[in-house]
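Participant: output the structure for:
(2 chains)
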Amino acid sequence: MTKPRFYVTTAIAYPNGRPHMGHAYEAIATDVIARFKRLDGFDVRFLTGTDEHGLKIDQAARAAGKPPQSYVDEMVAPFRDLDEALGISFDRFIRTTDADHKALVQALWQRMAANGDLYLGRYEGWYSVRDEAYYDEGELTTGEDGVKLSPQGTPVEWTVEESWFFKLSAYQDRLLALYDSQPDFIQPASRFNEMRAFVAGGLSDLSVSRTSFTWGIPVPGDASPDGKIHVMYVWLDALANYLTGAGGLDGEWWPADLHVVGKDVVRFHAVYWPAFLMSAGLTLPKTVFGHGFLLNRGEKMSKSVGNVVDPAAMVERFGVDRLRWFLCREVAFGDDGSYSDEAIVERTNADLANGIGNLAQRSLSMVAKNLGGVMPRRGEAGESELRLKNAFHTGTDAYLAAMNALALHKALDALMGMVTAANGYFAENAPWALAKTDVARMAEVLAATLDATRRIVILAQPFMPGSTAALLDQLGVAGDAREISGLNTPVEAGVQLPLPAGVFPRITLDG
RNA sequence: GGCAGCGUAGCUCAGUUGGUGAGAGCGCCGGAUUCAUAACCCGGAGGUCGGCAGUUCAAAUCUGCCCGCUGCUACCA
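Facilitator: Below you'll find the predicted structure:
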């Protein structure tokens, strides 16, 4: 029996600066989903990477006095390092400067051209030679001498540039039909409504080539009539990375099951991307999910405010699993969220140290001290055990439903409900008292608690791969019994457990 | 300006088609306990459900207005 497949992607990062918390958040959330799918028996393909073409990179490279290729070669390193530090389990880190990607984008272009959707036209707008960029009328200010100025204060002039256009306008009806027949194509629902309204409001054709700079993938074919080199619009280039990562235009992993992207780029993924794919005669991804932004103490991160946080420093300070847990537990996936050192300390102490960690430690240490570390046998289920079982049944169902609906925070809420139930069971049966009166019953209570803990830790794996692996080792769970399919396979009685050691120590703000 | 949405305990939020006394988690206070990472377990305090006015036997839940906040309103990403 072959496993069902699941192809998931993050957006690709634009490496004209250092990675920030937003990058880390998107990578973590997507990694959690990918790990969950693997745990749930899927054959998963997980793609992430960097978007390396375009004017801004070109300008940044020039400012740094380097050729763009060597510039991006350097700039991409921190992104790879961050993924490494965060434990991101990607299958490929794609760079849009990769050779197979460049070839694919040109092939995609040709398919769209063959379908008659690309034509040569003129792009007009307010252009700043100094910035090498076009600006909207609304962004402009008027200088003292009546000259129009860009937001950077540089003079702009009305410029006409030859450009290839994509017949986006021809896809309005098909896009609306897509949304109406597949309401979960764009998630969460609030984004769906915005995108639908946007498309319903009418679409203009899209300029998909530039002649104002050359750092991009060249448009295939002969030189244009005006003799200038056309490079592709960065979004066409960037979006196509998902095809490259799938193995090409007819790649075995296409279509993607899920594109996880920031809410700021939902439009590109939910409008332009399906239109490009329709034009090329390719199938569409199943879902585009737009996650929210992370706010630092409720404030938007910005360089001018000086509250930009380096995610690598956060990993250093709190540990990768605490950071992963906090972001998935505290932030409703799809909404904006806020973080602070205090919140991370509070949340992880409550959930991990007091909750999961303490549950494991209190039961494991009793087994070590009273039973020589030998896994005890479970007894006949009494009323107390049945209540525990029920709580875990509904909790597991809630967890799985939430994960499949991409409601990561709700899944963890369900998981914490199970932790509470297990701690309640333990306190109710007071095995420490039974140690003096009824050792056999004590052993049964410990066995039931350990099994409850095992289930919790198995389900926590996508969120905290490192810590849960250590805990499952302590719980004596075999390597091949750690998937969701092994949830109902308890550790056999008689197994010798290693000496327990705390996995989630409490932390303090100044520590 | 237009469209969409939001404003419920200190904090983050749940609250189907209006109907028994308004909830959860965290934090806080008290009790109990000692297996455990001063953790766990039990209990408690805390809210005129943004404001005003309506509809109704009955509104956090419907309508109108007002106040505050957010997103979208395309080709820099």
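
Participant: just give the number of residues close to residue A:414.
Facilitator: Per other Cβ atoms under 10 Å, the neighbour tally for residue A:414 reads 21. (Glycine included, C-beta is placed from N, CA and C.)

Participant: and what of residue A:267?
Facilitator: Applying other Cβ under 10 Å, I find that residue A:267 has 20 neighbouring residues.

Participant: tell me the contacts of it?
Facilitator: Neighbouring residues of residue A:267 by Cβ atoms under 8 Å, 6 or more residues apart in numbering: A:195, A:198.

Participant: tell me the secondary structure for it?
Facilitator: Following DSSP: H, G, I helix; E, B strand; the rest coil, we place residue A:267 in the helix state.

Participant: so how far is residue A:290 from it?
Facilitator: Noted for residue A:267: a distance of 9 Å to residue A:290, by Cβ to Cβ, to the nearest Å.

Participant: cool, and residue A:369?
Facilitator: 51 Å.

Participant: out of these two, which sits in the busier spot?
Facilitator: residue A:290 (25 against 11).

Participant: just confirm the more buried one is within a helix.
Facilitator: No: counting by three-state DSSP, residue A:290 falls outside a helix, being strand.

Participant: give me the beta-bridge partners of it?
Facilitator: Residue A:290 forms beta bridges with residue A:261, as assigned by DSSP bridges.

Participant: these two touch, right, it and residue A:334?
Facilitator: Yes: counting by Cβ atoms under 8 Å, residue A:290 touches residue A:334, with 7.1 Å between them.

Participant: need the contact list for residue A:244.
Facilitator: Applying Cβ under 8 Å, 6+ apart to residue A:244 gives the contacts A:94, A:98, A:100, A:101, A:104, A:105, A:251.

Participant: which of those count as buried?
Facilitator: Using 16 or more other Cβ atoms under 10 Å as the burial test, the contacts of residue A:244 include A:94, A:98, A:101, A:104, A:105, A:251 as buried.

Participant: looking at these, which one is closest to residue A:508?
Facilitator: Closest approach to residue A:508 among the buried ones among the contacts of residue A:244 (Cβ to Cβ): residue A:94, at 40.6 Å.

Participant: ok, and the closest non-adjacent residue to the closest residue to RNA strand B within the stretch 251-400 of chain A?
Facilitator: Among all residues of the stretch 251-400 of chain A, residue A:357 sits closest to RNA strand B, at 2.1 Å; criterion: Cβ to the nearest atom of the strand. Leaving out its chain neighbours, the residue that sits closest to residue A:357 by Cβ to Cβ, 6 or more residues apart in numbering is residue A:504, at 3.4 Å.

Participant: overlap in contacts, residue A:290 and residue A:334.
Facilitator: Among the neighbours of residue A:290, those also in contact with residue A:334 (Cβ under 8 Å, 6+ apart) are A:187, A:188.

Participant: wait, residue A:500 sits on residue A:364?
Facilitator: Yes: applying Cβ under 8 Å, one finds residue A:500 in contact with residue A:364, separated by 3.7 Å.

Participant: give me the common contacts of these two.
Facilitator: What both residue A:500 and residue A:364 touch, as defined by Cβ under 8 Å, 6+ apart, is the set residue A:474.

Participant: same drill for the two, tell me which one is more crowded.
Facilitator: More neighbours surround residue A:364 than the other of residue A:500 and residue A:364, with 25 against 20 (other Cβ under 10 Å).

Participant: ok, back up a step: any idea how far residue A:348 is from the residue nearest to residue A:357?
Facilitator: In this view, residue A:504 and residue A:348 are 7 Å apart by Cβ to Cβ.

Participant: so how many other residues sit close to residue A:72?
Facilitator: 24.

Participant: contact partners for it?
Facilitator: Per Cβ under 8 Å, 6+ apart, neighbours of residue A:72: A:15, A:50, A:52, A:57, A:61, A:95, A:97.

Participant: with neighbour count added, can I get those residues in JSON lines?
Facilitator: Formatted as JSON lines, the contacts of residue A:72 follow (neighbours: other Cβ atoms under 10 Å):
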{"residue": "A:15", "neighbour count": "24"}
{"residue": "A:50", "neighbour count": "23"}
{"residue": "A:52", "neighbour count": "28"}
{"residue": "A:57", "neighbour count": "25"}
{"residue": "A:61", "neighbour count": "20"}
{"residue": "A:95", "neighbour count": "21"}
{"residue": "A:97", "neighbour count": "19"}
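
Participant: let me know the next secondary structure element after the helix or strand of chain A with the lowest mean pLDDT.
Facilitator: In chain A, the helix or strand scored least confidently by mean pLDDT, DSSP states H and E is strand A:299-300, which has a mean of 64. As assigned by DSSP states H and E, the chain's next helix or strand after strand A:299-300 is helix A:311-318.

Participant: quick one: low-confidence parts of chain A?
Facilitator: Within chain A, the ranges that satisfy pLDDT under 70 run A:1, A:131-133, A:137-141, A:143-144, A:146, A:151-152, A:222-226, A:297-307, A:511.

Participant: please parse it into its domains.
Facilitator: Following automatic domain parsing, chain A resolves into domains at A:5-291, A:341-486.

Participant: as JSON lines, these with distance to residue A:492 would be great.
Facilitator: Formatted as JSON lines, the domains of chain A follow (distance: least, Cβ to Cβ, whole Å):
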{"stretch": "domain A:5-291", "distance to residue A:492": "22"}
{"stretch": "domain A:341-486", "distance to residue A:492": "7"}
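
Participant: close enough to count as contact, residue A:125 and residue A:150?
Facilitator: No: the criterion here is Cβ under 8 Å, and residue A:125 misses it with residue A:150 at 11.4 Å.

Participant: are there residues contacting both of those two? Which ones?
Facilitator: Contacts common to residue A:125 and residue A:150, judged by Cβ under 8 Å, 6+ apart, are residue A:135.
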